[in-house]
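Novice: Here is a sequence with its predicted model. Questions after.
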Amino acid sequence: MGTDSIAMDGRTANLLGALVTALGDAQRTASEDASGQSGATPAALTYLLQEPGAGIDQISGPLGLTQSAATRLVDRLERDGKARREPGATGRKVSVFLTPEGTREAERLLELRRGLMGDAMSVLRPDERTVLTGLIERMLAHLTTDADHGQRICRMCALDECPKQSCPVDTAAAARTKGPS
């Protein structure tokens, strides 16, 4: 690889990092402003929309929280009228569900995210968006280490727009779980 290629790759990596930072900051700020909550709360709402009935242990991993922090988060969601606990299948654990208010808020957060990403891509032509989709799919598949990591990556995804059967993260996680054939 020549010096020009290395410089271009370095610049491309730097630009990608700046884009990821800008989009992440915009999403975090908009989500926190819309929900009036900071930290993991917006992600918890969107995750529970995708995974109704998840237990505390299922919530903690994708959100990067300890079990006790996830419990406090669910306590807060419940106190704010956005989630409710129900007995789990075993009777020992609880299942967490969004209330109608929590569902509306999670849907607003996903719509907000959709708008932010749509605005960022609005400068691209349709053919460029198609190319970008393929590149992002390859990068996400490469970055996904396992199913738990995949859930963390997709914690704020709109599953209706990227169903499990076509999700590069789920596909990569499944392949890595199986191991080499």
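Specialist: In hand now; what should we look at?
Novice: Run through the residues that contact the nearest residue to L48 once chain neighbours are set aside.
Specialist: Closest residue in space to L48, ignoring its immediate chain neighbours: L98 at 5.0 Å, by C-beta to C-beta, 6 or more residues apart in numbering. C-beta coordinates here come from the backbone N, C-alpha and C atoms, glycine included. Contacts for L98 (C-beta atoms under 8 Å, 6 or more residues apart in numbering) come out as 45, 48-49, 52, 82-84, 106.
Novice: Drop anything exposed from the residues you listed.
Specialist: Buried by 16 or more other C-beta atoms under 10 Å: 45, 48-49, 82-83, 106, out of those.
Novice: Which of those residues fall within strands?
Specialist: Per DSSP state E, strands hold the following members of those: A83.
Novice: got TSV for the buried ones among the contacts of L98, with pLDDT and distance to G36 too?
Specialist: Rendered in TSV, the data for those read as follows (pLDDT from 0 to 100; distance: C-beta to C-beta, whole Å):
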residue	pLDDT	distance to G36
L45	94	12
L48	95	17
L49	94	18
K82	96	11
A83	97	15
A106	94	14
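Novice: Can I get the buried ones among the contacts of L98 in JSON lines including distance to R138?
Specialist: As requested, those are exported to JSON lines (distance: C-beta to C-beta, whole Å):
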{"residue": "L45", "distance to R138": "30"}
{"residue": "L48", "distance to R138": "30"}
{"residue": "L49", "distance to R138": "27"}
{"residue": "K82", "distance to R138": "36"}
{"residue": "A83", "distance to R138": "36"}
{"residue": "A106", "distance to R138": "29"}
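Novice: Closest one to T145 out of the buried ones among the contacts of L98, please.
Specialist: Nearest to T145, judged by C-beta to C-beta, of these is L48 at 23.7 Å.
Novice: Correct me if wrong: the closest one contacts A54.
Specialist: Yes - the criterion here is C-beta atoms under 8 Å, and L48 meets it with A54 at 6.3 Å.
Novice: pLDDT at G36, what is it?
Specialist: You'll see G36 listed with a pLDDT of 81.
Novice: number of nearby residues for E32?
Specialist: Applying other C-beta atoms under 10 Å, we find 14 other residues in the vicinity of E32.
Novice: What residues does it make contact with?
Specialist: 38, 42.
Novice: Please repeat the previous calculation with a cut-off of 6 Å.
Specialist: Applying C-beta atoms under 6 Å, 6 or more residues apart in numbering to E32 gives the contacts S38.
Novice: The lowest-mean-pLDDT helix or strand in the chain: which residues count as buried?
Specialist: When the helices and strands of the chain are scored by mean pLDDT, DSSP states H and E, helix 3-35 comes last with a mean of 82. Within helix 3-35, the residues scored as buried using 16+ other C-beta under 10 Å are 26-27, 30-31, 35.
Novice: List just the nearest of those residues to D119.
Specialist: Using C-beta to C-beta, A26 is the member of these that lies nearest D119, at 8.8 Å.
Novice: Lovely, talk soon.
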